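Trainee: Let's see this in three dimensions:
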Amino acid sequence: MTRPALSVQLYTLRDRLSDLPALARDLARIGFECVEPHRWYENPGEVQEALSAAGLRAPSAHAPILDGAAHQIFAAAAELGVETVIQPSSDPELWRSSAGVEELAYRLNQLVDAARDFGVKVGYHNHAFEFLESEWVAREGGEGELTALDYFAQQLRNEVTLEVDTYWVAVGGADPVALLRRLGERVTLLHIKDGPITSDASDQVAVGAGAMPVEKILAIAPHARPVIELDDHRGDMLEAVRASFEFLVGRV
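Mentor: Presented below is the predicted three-dimensional model:
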């Protein structure tokens, strides 16, 4: 199986987005073919121009599709060539009950047909709260390692995909490798980040320099596109991205 090309979430490099053409050129020189753009759906034409000039494309992107502007976002995605539009987060309160998780899944399921009209798919990206706020899973008969994200996946239409942020899974107390094994091909994108597995985002480091079982994560989901991301970092962010790419490129 040929793994999809490495990508990078441009939220990581948000301080450089004021000159997206220069940033795109820097990323292309590192060796990237793909990016996950940040702040893109209000000016998709400009983003497309900057990425195309550097030989980059954007197969996935985050956007708040549950906030009432889904059709406009899907149209922008089609213009930019985005294949999967990912809801980046949700209300943590929803994860405190099975009913809340079902409500979130229902709302995402309702967007599938509209997304298909624009030739795109819908996805969801997790943080740690999906695991930290869901003690009800054990109370309501969860089976062993079953998490609220497992339950959520069961409620989703087959067309809805998951982008699993493996670091936040670990911070939330779950095993990212076991979770990926259970979710299987439902997961088409992986946020790959590293660090000491703490809730302090500034503790995050270049991939390969922390405590995450990166190679096991990659091995269990060979079909999923790895997307490098650092939410924060105490050093130079572009250099951390470069080091992450160099660590991963020989392993994917």
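Trainee: so who does residue 198 touch?
Mentor: residue 171 (Cβ atoms under 8 Å, 6 or more residues apart in numbering). (Each C-beta comes from the backbone N, C-alpha and C, glycine too.)
Trainee: Can you check the pLDDT for it?
Mentor: pLDDT for residue 198: 98.
Trainee: for residue 145, same thing?
Mentor: At residue 145, pLDDT is 73.
Trainee: Quick one: neighbours of it, just the number.
Mentor: Around residue 145 there are 13 other residues, counting by other Cβ atoms under 10 Å.
Trainee: Can you classify the closest residue to it other than its chain neighbours by secondary structure?
Mentor: Nearest residue to residue 145, sequence neighbours excluded (Cβ to Cβ, 6 or more residues apart in numbering): residue 178, at 5.5 Å. The three-state label given to residue 178 by DSSP: H, G, I helix; E, B strand; the rest coil is helix.
Trainee: Report the separation between residue 178 and residue 220.
Mentor: 9 Å (Cβ to Cβ, to the nearest Å).
Trainee: The two: which has the busier surroundings?
Mentor: More crowded of residue 178 and residue 220, by other Cβ under 10 Å: residue 220, with 20 against 15.
Trainee: May I ask you to confirm that the more buried one is in contact with residue 183?
Mentor: No - Residue 220 is beyond contact range of residue 183, at 9.8 Å (criterion: Cβ atoms under 8 Å).
Trainee: Can you pull out the low-pLDDT segments for the stretch 101-250 of the chain?
Mentor: Judged against pLDDT under 70, the low-scoring parts of the stretch 101-250 of the chain cover residues 138-144.
Trainee: Tell me if residue 122 really is in a strand.
Mentor: Yes - assessed with three-state DSSP, residue 122 lies in a strand.
Trainee: gap between it and residue 246?
Mentor: 33 Å.
Trainee: repeat for residue 75
Mentor: 37 Å.
Trainee: repeat for residue 164
Mentor: Distance from residue 164 to residue 246, by Cβ to Cβ: 23 Å.
Trainee: So if I had to pick from these two, which one is more boxed in?
Mentor: Looking at residue 164 and residue 246 with other Cβ under 10 Å, you find the greater number of neighbours at residue 164, namely 26 against 14.
Trainee: Who is the more buried one paired with across the strands?
Mentor: Counting by DSSP bridges, residue 164 forms beta bridges with residue 190.
Trainee: Quick check, it in contact with residue 181.
Mentor: No - here residue 164 does not reach residue 181: they are 11.4 Å apart, not a contact under Cβ under 8 Å.
Trainee: all strands in the stretch 151-252 of the chain, in order from the N-terminus.
Mentor: 161-165, 187-192, 225-228 (DSSP state E, counting those that start in this stretch).
Trainee: For residue 52, which of those is the nearest?
Mentor: Checking the strands of the stretch 151-252 of the chain against residue 52 by Cβ to Cβ gives strand 225-228 as the closest, at 19.4 Å.
Trainee: Name the residues that touch that closest one?
Mentor: So strand 225-228 is in contact with 3-9, 12, 34, 36, 59-60, 163, 188-193, 207, 218, 241, 244-245, 248, 252, going by Cβ under 8 Å, 6+ apart.
Trainee: Describe which strands it pairs with in its sheet and in which direction.
Mentor: According to DSSP bridges, strand 225-228 has these partners: strand 7-8 (parallel), strand 187-192 (parallel).
Trainee: got the CA coordinates for it in CSV?
Mentor: This file holds the C-alpha atoms of strand 225-228, laid out as CSV (Å, rounded to 0.1, in the frame of the first residue of the first chain):
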residue,chain,number,x,y,z
ARG,A,225,-2.1,10.7,5.4
PRO,A,226,0.2,11.9,8.1
VAL,A,227,-0.1,15.6,8.8
ILE,A,228,2.6,17.2,10.9
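Trainee: same question for stretch 11-25, mean pLDDT?
Mentor: 98.
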